[in-house]
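In: need coordinates for the below:
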Amino acid sequence: MPQHIAGFPNEVRLPVVIAVLTYHRNDTLPRTVDALLEACQDYPAASVLVIDNDPSGDAEPIVSALADGARRGTLRYVQEPRPGIAAARNRALQESADARLLVFIDDDEQPTSGWLGHLIGLFQEREPAAIAGPVVSAFARPPDPWIEAGRFFARRRLPTGSAIGWAATNNLLLDMAQIRPLGITFDDRFGLTGGSDTLFTKQLVRSGRTILWCDEAVVIDHVPASRLSRQWVLQKAFRLGNVTPRIETTMAAPGFDRLRIRATYVVSGAARIVIGIARSAFGFVTGDIRHRARGARLAVRGAGITLGALGYRYVEYSRTQQARTIASSADAAYGLP
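Out: Residues are numbered from 1 along each chain as shown. Take a look at the predicted model:
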């Protein structure tokens with residue numbers, strides 16, 4: 001597979017919107033937006049869209065200040081008052097009506113040199129419906145050896161051009177010319193639990209479209225010290241497990257198929273719990289930190305899977321009791337298990 005270099009042919013002017021979804025991240029947002037504006041300097045058809053999911057418009061003064069020094073039309077701010085990350089993602093789809101390409105990146109991330117060029121270069125060559133790239137963690141302080149041994153922050157790396165079955169919106173390009181006719185949006189029922197991006201991309205693949213991997217399009221995830229505790233990484237493992245059965249049951253036909261998927265995940269989750277506890281215990285007996293940490297991660301993820309299959313939902317993005325009630329009501333209205 002050829003390497004994709006940064007830079008853009010003069011004849012290529014595909015309109016690109018880079019969407020940054022934010023909620024009370026005023027400490028990291030300026031760094032992210034500054035880096036994106038710099039990336040846009042090499043590509044005049046690109047612009048940055050900040051979607052503030054705070055009803056009070058907390059990020060507006062910051063974006064306004066950044067816009068003063070940016071090229072006219074390069075930086076735009078909108079407010080999405082509906083709570084939940086799915087609502088903000090759907091607002092990005094709506095606000096990109098005139099764009100050919102929509103690129104998602106998180107508000108605590110920073111693109112590396114040539115990031116946008118690599119994404120667009122692969123798109124020009126293969127024209128897939130979506131392209132995902134790697135996210136590399138940069139820690140505010142050295143992680144606990146137990147966390148490193150457990151590979152809690154390990155993420156996939158694949159050869160460029162590899163087809164993948166799902167992706168997250170932390171580094172994702174979408175071809176809106178292929179997305180719009182499908183009518184696929186981010187499911188609001190996952191707005192407070194997470195997982196709407198995984199569901200969206202799985203549905204995209206199911207529709208017959210292709211998602212490719214671009215290993216050169218790297219973004220840096222700046223991990224604060226508050227996320228380097230054992231409690232935080234285990235909660236994250238639980239959440240990732242918890243949402244998995246819900247995604248699969250949502251994609252399945254109502255009735256027997258959903259019951260079968262539930263039962264399968266109850267069993268597989270329970271197996272992970274047992275194997276994880278056994279591996280962790282083996283690590284304690286032998287003094288092997290790797291087995292202790294990875295066993296704990298497997299057991300906690302298994303607990304999330306099992307409880308998710310039984311109907312329990314871990315609300316990661318909850319803000320108020322009202323928001324949690326909205327999420328539960330949405331599940332009931334749609335008949336989600």
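
In: use CA for all of it now, contacts and neighbours both
Out: Noted.

In: shaky segments in the stretch 201-337 of the chain?
Out: For the stretch 201-337 of the chain, the stretches flagged by pLDDT under 70 are 318-337.

In: helices along the chain, start to end?
Out: Along the chain, counting by DSSP state H, helices occupy 29-40, 60-68, 85-95, 115-126, 145-149, 176-182, 196-206, 230-251, 256-286, 289-309, 321-334.

In: highest mean neighbour count out of the ones you listed?
Out: helix 289-309 (a mean of 26; mean count of other Cα atoms under 10 Å).

In: and it, what does it pack against?
Out: On a contact count with 3 or more Cα pairs under 8 Å, 6 or more residues apart in numbering; DSSP states H and E, helix 289-309 meets helix 145-149, helix 230-251, helix 256-286.

In: tell me what the last one is packed against?
Out: Right, helix 256-286. If contacts are counted by 3+ Cα pairs under 8 Å, 6+ apart, helix 256-286 sits against helix 230-251, helix 289-309.

In: dump those helices to a markdown table, plus distance to residue 63.
Out: Converted to a markdown table, the helices and strands packed on helix 256-286 look like this (distance: least, Cα to Cα, whole Å):
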| stretch | distance to residue 63 |
| --- | --- |
| helix 230-251 | 30 |
| helix 289-309 | 37 |
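
In: right, and the ones you listed - which one's nearest residue 54?
Out: Closest of those to residue 54 is helix 230-251, at 22.8 Å (criterion: Cα to Cα).

In: distance from the chain centre to that closest one, please.
Out: Centroid separation for helix 230-251 versus its chain: 13 Å, with Cα atoms, centre = their mean, to the nearest Å.

In: contacts for it?
Out: 147, 152, 193-195, 198-199, 203, 226-227, 257-258, 261-262, 265, 296-297, 300-309, 312-314, 316, 336-337 (Cα atoms under 8 Å, 6 or more residues apart in numbering).

In: cool, and stretch 90-98?
Out: Stretch 90-98 has contacts (Cα under 8 Å, 6+ apart) with 15, 17, 19, 49, 51, 80, 102, 185-186.

In: sorry, back to before: right, and the helices and strands packed on helix 256-286 - which one's nearest residue 125?
Out: Per Cα to Cα, nearest to residue 125 of these: helix 230-251, 31.0 Å.

In: ok, back up a step: which one of the helices and strands packed on helix 256-286 lies nearest to residue 212?
Out: Of the helices and strands packed on helix 256-286, nearest to residue 212 by Cα to Cα is helix 230-251, at 21.1 Å.

In: give me the domain ranges for this protein.
Out: Here the domain parsing of the chain from automatic domain parsing is 16-227, 230-334.

In: before we move on, the earlier item: now the helices and strands packed on helix 289-309 as TSV including distance to residue 115?
Out: Converted to TSV, the helices and strands packed on helix 289-309 look like this (distance: least, Cα to Cα, whole Å):
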stretch	distance to residue 115
helix 145-149	27
helix 230-251	27
helix 256-286	37
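
In: among the ones you listed, which is nearest residue 55?
Out: helix 230-251 (25.5 Å).

In: separation between residue 108 and residue 80?
Out: 19 Å (Cα to Cα, to the nearest Å).

In: residue 47 now?
Out: Note on residue 47: its distance to residue 80, by Cα to Cα, is 19 Å.

In: kindly report the same for residue 194.
Out: Counting by Cα to Cα, the gap from residue 194 to residue 80 is 17 Å.

In: same deal with residue 67?
Out: Note on residue 67: its distance to residue 80, by Cα to Cα, is 19 Å.

In: again, but for residue 267
Out: Per Cα to Cα, residue 267 is found 40 Å from residue 80.

In: now stretch 103-119, how far from the chain's geometric center?
Out: Remark: stretch 103-119 is offset 13 Å from the chain centroid, using Cα atoms, centre = their mean.

In: regarding that stretch, how distant is the last residue from the first?
Out: Using Cα to Cα, the end-to-end distance of stretch 103-119 comes to 9 Å.

In: contacting residues around it?
Out: Residues outside stretch 103-119 that contact it (Cα under 8 Å, 6+ apart): 4-8, 16-22, 25, 28-29, 31-32, 35-36, 39, 131, 169-174, 214, 216-222.

In: which among those count as buried?
Out: Those of those that meet the buried threshold are 4-8, 16-22, 28-29, 32, 36, 39, 131, 169-174, 214, 216-222, by 16 or more other Cα atoms under 10 Å.

In: so who does residue 229 touch?
Out: By Cα under 8 Å, 6+ apart, the neighbours of residue 229 are residue 144.

In: quick one, phi psi at it?
Out: Dihedral angles of residue 229 (phi, psi; degrees, to the nearest 10) stand at phi -100, psi 160.
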